[in-house]
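Novice: Requesting a structural model of the entry that follows:
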Amino acid sequence: MSWSRATLHVLLMMLLFAPGPAARLASAQSRGSGEGSGGTVSLDDLLKLPESLDFDVERRGGRTRLEWLALFEEAQRSVEEAKTGLADAQARLTTMAGRSDNWNMAPPGLPIEAAEDNPDTRALRDEVARWRAEITRAEARQREITIEASLAGVPESWRRPRGAGDPQAGSSPRDDRAP
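Specialist: Residues are numbered from 1 along each chain as shown. Down below sits the predicted model:
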C-alpha cells in the first residue's frame, strides 16, 4: 500500500493534535454535568466506582474491630480457664489431703513437713502451682492487651462482645465505629 506524503502528514497532524483519553473523559464529564444535557458516558466511566466511596475497614493499632474483640475474648477465656483449673486442682488436693488413712500421716519421730512430700499429693501440689503460674501469665497478657488497646485508641465497644454490658447491643453495625 502506498501512502502519499501529504496523507501521512495529515495523519500525523491528526494524531498530534487529537485529544487524548484524558481530554475525552474530561469533555464527557463536563457534558454530563451540564443541566439537562444528553451527553454520552462511556462504558469505562460507568464501570468505575466513584472516588468518594471508601471501602477500607476501620483499623486501630493495625487491627479491625473483630480482631480486637477476638483478642480480648481469648485473653479473658485464658484467665477463666486457668482459674477453673486451679479451683479443680485445689478441690482434688483438699479431698486427698483430708483423708485420714495411714499414708497421709508422718511416721513417729519425723516432722510433719515430711508428710507433705507424700507422692499422692505432690503431683496435685505441683499442678496447683502450675495453675497459679498460668493465672499470673494470663492476667499479665490481658493487661498487655488492654495497654496496647489504650495506646492505639481502641474504643470500649471494640473491647467486649455485643451484649456483654454493651449499651448499644441492639444497634446497627455502623454504630460501633469510633467517634
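
Novice: Surely Thr94 is in a helix?
Specialist: Yes: the assignment for Thr94 is a helix, going by DSSP: H, G, I helix; E, B strand; the rest coil.

Novice: Check what pLDDT it gets.
Specialist: Here the pLDDT value assigned to Thr94 is 83.

Novice: The one 4 residues further on too?
Specialist: Confidence at Gly98, expressed as pLDDT, is 63.

Novice: Ok, Ala164 next?
Specialist: 57.

Novice: need the contact list for Glu81.
Specialist: By Cβ atoms under 8 Å, 6 or more residues apart in numbering, the contact set of Glu81 is Ala138. All C-beta spots, glycine's among them, are computed from the backbone N, C-alpha and C.

Novice: which SSE is Ser150 in?
Specialist: Taking DSSP states H and E as the criterion, Ser150 maps to helix 119-152.

Novice: give me the number of residues near Ala75?
Specialist: By other Cβ atoms under 10 Å, the residues close to Ala75 number 19.

Novice: Find the residue closest to it in space, skipping its chain neighbours.
Specialist: Once flanking residues are discounted, Ala75 sits nearest to Gln142: 4.2 Å by Cβ to Cβ, 6 or more residues apart in numbering.

Novice: Okay, that neighbour and Ile135: tell me how far apart.
Specialist: 10 Å (Cβ to Cβ, to the nearest Å).
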